[in-house]
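>>> Following is a predicted model, sequence given first.
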Amino acid sequence: MKKLMQNLSIFLAVIVISTIVAEGLIRVIAPQQLLTPEPGIWKYDDAGFLVHLASINTMINHGEGTHHFITDEKGYRINHTATEYSSTSPDLAILGVGDSFLEAVSVENEETLPELIAREIHAKHGTTFYVANNSCSGWSPYYYYIQARNALEERRYDLGIVLLYTGNDIISPTDTSGVPERERHRQKKRAKFGTKSWFIVNILKPGKTWMESHSHLFNLGKRALFMILIREGKTLGDIPFSFYLENSDSDIWEGTTFWCKKLSAEFAKYDTPVCFIIIPNVWQAEEELFDNYLKFANIDPAAVDIDLPNRKLAEHFDRDSVWYCDPLEYMRECYDQGEQLFGSIDRHLSAQGHQRLAEYFLPESERVLLQKFEEKRQEAGESEVK
């Protein structure tokens, strides 16, 4: 027994020393990005939704590099540098609304879709802009409506841009997703001691978070494994229910359209056009990943259709005259040309992905914004005459 304990001690000592040496070597030879642990940019509002803290200035790393995260007094994300198209007395104003795809913590705010639209139109026409990034992780079309309504009451906008993600923004008419978010968090914390849920929430996840923010060796191993699993189709989470053909006749399509129509009506009260940009799931753009996952998960390919969300939304939006933009085929073309449209660790849109979205939507947004600009000039001229 004594000899066994001695051997075990030696074995553990070798493991510890080897890990320390490997950690040191990785820090010198191949330093990794250390992720930001719980960055402290969110809080729960009175309804239980996540919202941004106001007037914060911090740095965040979600696996795609360190980026600024700065908010104004309303909690809207803002640029960390002055831009040539911004002005305290702007010619035009854009309101962006969305969830984590517009929050976009893995890129700079200057690289997000609404900011790129403003920059391009300014470069061509010299118009100045105010751009509001009203977004947060965990929001759904229901809360897009709530937030847009509040924002529109505060000031006039000339264009609304709502990012509608096919992965989790397809909801039923009665779905007010986001309200239970705080309660779900509390229930996880209240999990019974010793259960699987308790172990995951109180031991495994905190331990993983600590390692991600402190260990270069851990992040190197995790990244290497993650990339292997992605290529084999063994990660990226569950298939969105909106991809299953059995949901073709579900009320989720009417539900999503219902909230988008309410959003459109709210913008219309202020004579502000609003466009819904249909953001593809990573599987929709990188189709071979989806095929690999189906094989790995032993899912019948005949049971799913990755184009179903776009087809059903187009059908309902066309019927109800909801203005939308679907860049899926263009995104696929860009991916086939070798462009990385999504992050390698954080699978939200990369800076390149936002750029391609902006290119696709630019002609339509330019047409609308220049028309609004001309209307303002005519109104100003009439006021001067009077």
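On my side now, so go ahead. Numbers count the residues shown, from 1 in each chain.
>>> May I have stretch 346-366 exported as PDB, CA atoms only?
Output in PDB follows, covering the C-alpha atoms of stretch 346-366 (Å, rounded to 0.1, in the frame of the first residue of the first chain):
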ATOM      1  CA  ASP A 346     -17.500  32.300 -31.300                       C
ATOM      2  CA  ARG A 347     -19.800  31.200 -34.100                       C
ATOM      3  CA  HIS A 348     -21.400  34.600 -34.600                       C
ATOM      4  CA  LEU A 349     -20.700  36.700 -37.600                       C
ATOM      5  CA  SER A 350     -17.100  37.700 -38.100                       C
ATOM      6  CA  ALA A 351     -16.100  41.100 -39.300                       C
ATOM      7  CA  GLN A 352     -16.100  39.700 -42.800                       C
ATOM      8  CA  GLY A 353     -19.600  38.300 -42.300                       C
ATOM      9  CA  HIS A 354     -20.900  41.800 -41.300                       C
ATOM     10  CA  GLN A 355     -19.100  43.300 -44.300                       C
ATOM     11  CA  ARG A 356     -20.800  40.900 -46.700                       C
ATOM     12  CA  LEU A 357     -24.200  41.600 -45.200                       C
ATOM     13  CA  ALA A 358     -23.600  45.300 -45.600                       C
ATOM     14  CA  GLU A 359     -22.600  44.900 -49.200                       C
ATOM     15  CA  TYR A 360     -25.700  42.900 -49.900                       C
ATOM     16  CA  PHE A 361     -28.100  45.300 -48.100                       C
ATOM     17  CA  LEU A 362     -26.400  48.600 -49.200                       C
ATOM     18  CA  PRO A 363     -28.300  49.200 -52.500                       C
ATOM     19  CA  GLU A 364     -31.700  49.000 -50.700                       C
ATOM     20  CA  SER A 365     -30.600  50.900 -47.600                       C
ATOM     21  CA  GLU A 366     -29.000  53.600 -49.800                       C
END
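>>> Strands of the stretch 151-300 of the chain, start to end?
159-165, 274-279 (DSSP state E, counting those that start in this stretch).
>>> elements contacting the shortest one?
Secondary-structure packing of strand 274-279 (3 or more C-beta pairs under 8 Å, 6 or more residues apart in numbering; DSSP states H and E): strand 159-165, helix 252-268, helix 308-319, strand 324-325, helix 351-385. From N, CA and C alone the C-beta is placed, and that goes for glycine too.
>>> Turn these into TSV, including mean pLDDT, mean neighbour count and distance to residue 24.
What follows is the helices and strands packed on strand 274-279, written out as TSV (pLDDT from 0 to 100; neighbours: other C-beta atoms under 10 Å; distance: least, C-beta to C-beta, whole Å):
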stretch	mean pLDDT	mean neighbour count	distance to residue 24
strand 159-165	98	26	41
helix 252-268	96	20	51
helix 308-319	97	18	48
strand 324-325	98	16	50
helix 351-385	89	16	32
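>>> So what's the residue count around residue 19?
13 (other C-beta atoms under 10 Å).
>>> mind checking the SS state of it?
State at residue 19, reduced to three classes by DSSP: H, G, I helix; E, B strand; the rest coil: helix.
>>> how much space is there between it and residue 52?
Per C-beta to C-beta, to the nearest Å, residue 19 is found 38 Å from residue 52.
>>> can you check residue 124 too?
Note on residue 124: its distance to residue 52, by C-beta to C-beta, is 32 Å.
>>> Among the two, which residue is more densely surrounded?
Set residue 124 next to residue 52 and count neighbours by other C-beta under 10 Å: residue 52 wins out with 22 against 11.
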